[in-house]
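K.L.:
Structure here, sequence nowhere to be found:
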C-alpha cells in the first residue's frame, strides 16, 4: 500500500478496496478447498516460521526497542516478545489447528416438504474476517490459522507496537500460501496502522463479512459505533462467584482462589464474590484469610465490612470494575434473588458461577442469570474455548447474535439453504 | 411518551431509556415463561382484535384518509388496509404461531470433559428486538406474535402512514398481555415516528439486542450505518434462474414463469434469467413467447438481442435492478463458470436457481454460488420461511452472521453455555 502521510484519501481508499477485493477473491478459492489443502498451508507455515526464526526475532527486536523507548509495561512487552519458545508455541498452535476436524465437513438432515422439494443446509465459511487486535504477534499466526482452517480469508490489523513483527510474519504466510498454490492475499496483514485505514475498512461491508475487535473497551466501542460490518466482540469480563447458603465452604474457597488468582489478568478471572448472608459470619473470615494469603485486596459492601474490619470499602466503581489484578469486590446478599439482580446490574454477560449444593438454586441460577457461560460448582477459568471442548478459540462474544460465549471454528462459519426439486413451482 | 416538537432532546432520551428499560425488564419475565403462558397471550390477542375490530377499522380509516390525501400507491394502500378479512388473517396468524412448537424447548447433548465438568448449552431468547418496518399493520400483530412465542420483548416502529392503526393494535396487545399477567411493556409500539427517536434507539445497545429493519434499501442502509446494535437485514432480492445446457426446457420455462410472474412484487421473485449459449437459439424464442404472454418485458444482453430482435437492451443498470415488476434481465453465458461469475457480480445473496439435468453442474452451483438459498430445479418462490418448513418467517438475512436466508423462530434465539462440576479448578 505504501501509505504516506500526504497520500490523498481517494488513493488510500482505492488501494484498500483493491486489497480487500483481492482477499475476497482469494477467500472464494479457499472456501472450496478440501481439508487437506488447508492443513498443508498450516503445516508449511509451521516449518517456515521455524526456518525464518532469525528474521522474525530480528524484526521483533525493532519492535521491542521501540516499545522499551515508549515505556510499555512489562506485561505488554512480554506479550510482544518473539523468541525461540514463542516460535515453538506458534508452531504448536499451527499443528494443533491442522489436527482439528474441518468445521465445513458434515451434513445436515434433509426435510422433504409436502410438494416433494428437499430442503437441507450446507455449512459455508463467513468469507472475509477483519481482526483488530493488540500487539501480540502470536495472534497474527493463530487467528490466521483458524481463518484458513474454516475456509475464510482474513485481514489482520495488529497493534502498532508489533508492526515489524507482523510484517515479518506476513512474509511467512505469503510463502506458506503460495507454496501450496493459494493466493498470498488470503491472509492480508495490513501494512498501515493508521486509524483512517481501519475506519475506512469498517465501512467496507461489501467485502468484509465480520469484524472481530480485541483489546481495550474504548477501541471496541469505537469499532461498534463506526462499523457497517457485523461485529463480534466482548467489552470486558466482570465475572462473579455467588456462594449460596448451601455451598460447601471448602469448594467455594477453592473456586474463589482459582478464579481470582490463577491468572488474574484474563477476562474469565473473577472480579466479584457474592456471599449469602446466612453464611457470611462463618465463611467471610475464611475467605478473607485465604485471599490475604494470596495478596488479594477486597473491596466490600457495608455488610461485609461489618464482618471483616480490615477490608476496603466498595463503591459502585469497584462493583463495575474489571480489575485484571489481585483485587476483588465483595457483596453480602439476602437471597439468590438479590445475587441474580446484582449480576444483572453489574455483570458483563461473560461468565457467572454459583457454588451450591441445592439443585433448585442451581437450576434457578442457570435459567435466570443472563451470561454467555453459567456455571455450577466449577471455576470461571474454564470459560475458554479449549476448556469447553471447542478445540480452539477465536474470541468470546458477549452479545447474543451469531455466537454467545467462547467461539470455536464453527463460529467462523454460516449455513446456506440447499433446495432441490424436479421442477416444482409455487401455486 | 407524548413527544412534542419542542421537547428537549434530553427529555426525549430519558423517556426512551425508561421505555426500553421497561421492555427489557418485561422481556426477562417472558424469557422464563413456559410455552402455555405465551400461547395464551397469542390466543387472547386473536380474540381481542376480533372484539375490537370496529375500533381497529375506525383507526385504520384515519390512516387511509391521510394516505389517499398523500397520494400513496394502490399497492401501499392495499397493504395498509384493515378490514374484516385482514383481521381474520391476523387471527389466523396468531393461532398459527400459538400452534408452533416453542423454540426454547429441547435439550443439547452434554460433553463430559476429561476433568469431569459437564458442558452443555441452553437455548435462550435474544432479549429485546427492535423491528423497523413499512406501513403494514399486520406486521404489528405478526412480528410481536413471533417475538412473544420465542420469549423476546419487542419494540415496534412501523411506518408513519400506519400510525393510528398501530396505536390501536398496541392497545389490544396491552390488554392481551395484561389479562395473562404479563407486563404490557413486553410489546412496545412506539408512539412517535420521529426519525430522531429511531436514531436514538439505534444507539441503545445496552437494552436492545437486535434490530430488524424492513423496507427500502435507503432506510436499511441508514440503520446499518447508524446502529450500535447488531442488525439482521436484507437489502434486496436480485434472484436469478440459470438455465444450463442440459436443462429440461419445459421445466425451465415453467420455473421462469413461476419465479417471475406468480408474484412479481416480492423479494424472492426472479429478476434475471441466464441461458447457456449452447441452447440459446433453441430456447430463447420459447422463453420470449412465454414471457410475452404474461406481459413481461425482457432486457437482454447483446447475445440475446442477436437471437431475439424484439427485446429491450440491457445495461448494467438492468442487471443490478430489483424490478419488483413484470420486467426481467436476460444474459446468454458461455458456461456455468460465466453464470456463477455473473451471479457473483450482480446477485444479492438472496436466492439463486439452476435448471439442469447434470449432477456435476448442480453440485458446482450449490457449492460455488454464494447465496443464502441455492436451488436446483425448484422455483425461487419457495425461498420463504413457511415453504422451507421453518413454520413462520420473521425476515430474511443476506449477511452470514447469525442467520443466512429466511429466518424462523429459532433465529430469534441464542444459546448459552451451561457448565456443571463438583468443584473442579483449573491447574
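P.N.:
Looks like it came in fine. Since the structure is predicted, the reported quantities are computational estimates derived from the model, not experimental observations.
K.L.:
Quick one, grab the pLDDT at residue A:3.
P.N.:
pLDDT recorded at residue A:3 is 40.
K.L.:
go on, residue A:216?
P.N.:
Reported pLDDT for residue A:216: 87.
K.L.:
burial of it, as a residue count?
P.N.:
12 (other CB atoms under 10 Å in any protein chain shown). Backbone N, C-alpha and C define where each C-beta goes, glycine included.
K.L.:
ok, it - contacts?
P.N.:
Going by CB atoms under 8 Å, 6 or more residues apart in numbering or on different chains, residue A:216 touches no other residue.
K.L.:
Which stretches in the stretch 251-400 of chain A count as strands?
P.N.:
A:270-276, A:297-300, A:312-313, A:327-333, A:351-355, A:373-378, A:395-397 (DSSP state E, counting those that start in this stretch).
K.L.:
Can you list the neighbours in contact with the second one?
P.N.:
With contacts defined as CB under 8 Å, 6+ apart, strand A:297-300 is touched by A:288, A:291, A:304, A:308, A:311-314, A:318, A:326-331.
K.L.:
The strands of the stretch 251-400 of chain A: which one's closest to residue A:283?
P.N.:
strand A:270-276 (6.3 Å; CB to CB).
K.L.:
how about the residues of the stretch 201-350 of chain A near chain B?
P.N.:
For the stretch 201-350 of chain A, the contact set with chain B under CB under 8 Å from any CB of the partner chain comprises A:205, A:209-210, A:224-225, A:228, A:230-232, A:248, A:250-251, A:254-255, A:257-258, A:262.
K.L.:
Now the buried members of those.
P.N.:
A:205, A:209-210, A:224, A:228, A:230-232, A:248, A:251, A:254-255, A:257-258, A:262 (16 or more other CB atoms under 10 Å in any protein chain shown).
K.L.:
Show only the entries of those found in helices.
P.N.:
A:224, A:251, A:254-255, A:257-258 (DSSP state H).
K.L.:
for those, which one is nearest residue B:386?
P.N.:
Distances from residue B:386 to these, taken by CB to CB, are shortest for residue A:224, at 34.2 Å.
K.L.:
Which pLDDT value goes with residue A:351?
P.N.:
For residue A:351, the pLDDT comes out at 98.
K.L.:
Which residues of the stretch 51-200 of chain A lie near chain B?
P.N.:
So the stretch 51-200 of chain A meets chain B at A:111, A:113, A:117, A:119, A:122, A:124, A:126-127 (CB under 8 Å from any CB).
K.L.:
Now neighbour count, distance to residue A:96 and pLDDT too, for these, in a markdown table please.
P.N.:
What follows is these, written out as a markdown table (neighbours: other CB atoms under 10 Å in any protein chain shown; distance: CB to CB, whole Å; pLDDT from 0 to 100):
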| residue | neighbour count | distance to residue A:96 | pLDDT |
| --- | --- | --- | --- |
| A:111 | 14 | 36 | 97 |
| A:113 | 16 | 42 | 97 |
| A:117 | 23 | 41 | 98 |
| A:119 | 23 | 36 | 98 |
| A:122 | 16 | 26 | 98 |
| A:124 | 21 | 24 | 98 |
| A:126 | 26 | 22 | 98 |
| A:127 | 23 | 24 | 98 |
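K.L.:
of all those, which two lie farthest apart?
P.N.:
Longest span within those, CB to CB: A:113 and A:127, 29.1 Å.
K.L.:
hmm, back to that, as CSV, the strands of the stretch 251-400 of chain A with distance to residue B:60 and mean neighbour count would be great.
P.N.:
Output for the strands of the stretch 251-400 of chain A, formatted as CSV (distance: least, CB to CB, whole Å; neighbours: other CB atoms under 10 Å in any protein chain shown):
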stretch, distance to residue B:60, mean neighbour count
strand A:270-276, 52, 27
strand A:297-300, 58, 21
strand A:312-313, 59, 12
strand A:327-333, 51, 24
strand A:351-355, 47, 31
strand A:373-378, 46, 27
strand A:395-397, 42, 23
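K.L.:
Which neighbouring elements make contact with the longest helix anywhere in chain A?
P.N.:
Longest helix in chain A, counting residues (DSSP H): helix A:9-31. Helix A:9-31 is packed against strand A:118-125, strand A:128-132, strand A:153-157, strand A:187-189, helix A:195-201, with contacts defined by 3 or more CB pairs under 8 Å, 6 or more residues apart in numbering or on different chains; DSSP states H and E.
K.L.:
got any ranges where the stretch 101-250 of chain A has weak pLDDT?
P.N.:
For the stretch 101-250 of chain A, not a single residue meets the criterion pLDDT under 70.
K.L.:
Nearest to chain B: which residue in it?
P.N.:
residue A:230 (4.1 Å; CB to the nearest CB).
K.L.:
my guess is that residue contacts residue A:403, does it?
P.N.:
No. Under the criterion of CB atoms under 8 Å, residue A:230 makes no contact with residue A:403, lying 10.9 Å away.
K.L.:
burial count for residue A:107?
P.N.:
9.
K.L.:
quick one: secondary structure of it?
P.N.:
Following DSSP: H, G, I helix; E, B strand; the rest coil, the label given to residue A:107 is coil.
K.L.:
Over to residue A:421?
P.N.:
strand.
K.L.:
closest to residue A:378 among the ones in helices among the buried ones among the residues of the stretch 201-350 of chain A next to chain B?
P.N.:
residue A:255 (7.3 Å).
K.L.:
what's near enough to touch that closest one?
P.N.:
Counting by CB under 8 Å, 6+ apart, residue A:255 has contacts A:241, A:353, A:355, A:377-380, B:423, B:425.
K.L.:
Repeat that for residue A:356.
P.N.:
A:244-247, A:362, A:365, A:376-377.
K.L.:
and if we set it to 6 Å?
P.N.:
A:244, A:246-247, A:362 (CB atoms under 6 Å, 6 or more residues apart in numbering or on different chains).
K.L.:
Quick check on it: phi, psi?
P.N.:
Torsion angles at residue A:356 (phi, psi; degrees, to the nearest 10) stand at phi -160, psi 150.
K.L.:
how near is it to chain B?
P.N.:
Residue A:356 sits 11 Å away from chain B, going by CB to the nearest CB, to the nearest Å.
K.L.:
Which residue is the nearest non-sequential neighbour of that residue?
P.N.:
Nearest residue to residue A:356 in three dimensions, chain neighbours excluded: residue A:244, at 3.7 Å (CB to CB, 6 or more residues apart in numbering or on different chains).
K.L.:
swap in residue A:136?
P.N.:
residue A:79 is the one closest to residue A:136 (CB to CB, 6+ apart), at 4.9 Å.
K.L.:
How many residues are close by the one you found?
P.N.:
Under the criterion other CB under 10 Å, the count of neighbours that residue A:79 has is 19.
K.L.:
What is the neighbour count of residue A:295?
P.N.:
9.
K.L.:
and the closest residue to residue A:162 other than its chain neighbours, what does it touch?
P.N.:
Spatially, and ignoring its direct neighbours in sequence, residue A:162 is nearest to residue A:135 (4.0 Å; CB to CB, 6+ apart). By CB under 6 Å, 6+ apart, the contact set of residue A:135 is A:80, A:159, A:161-162.
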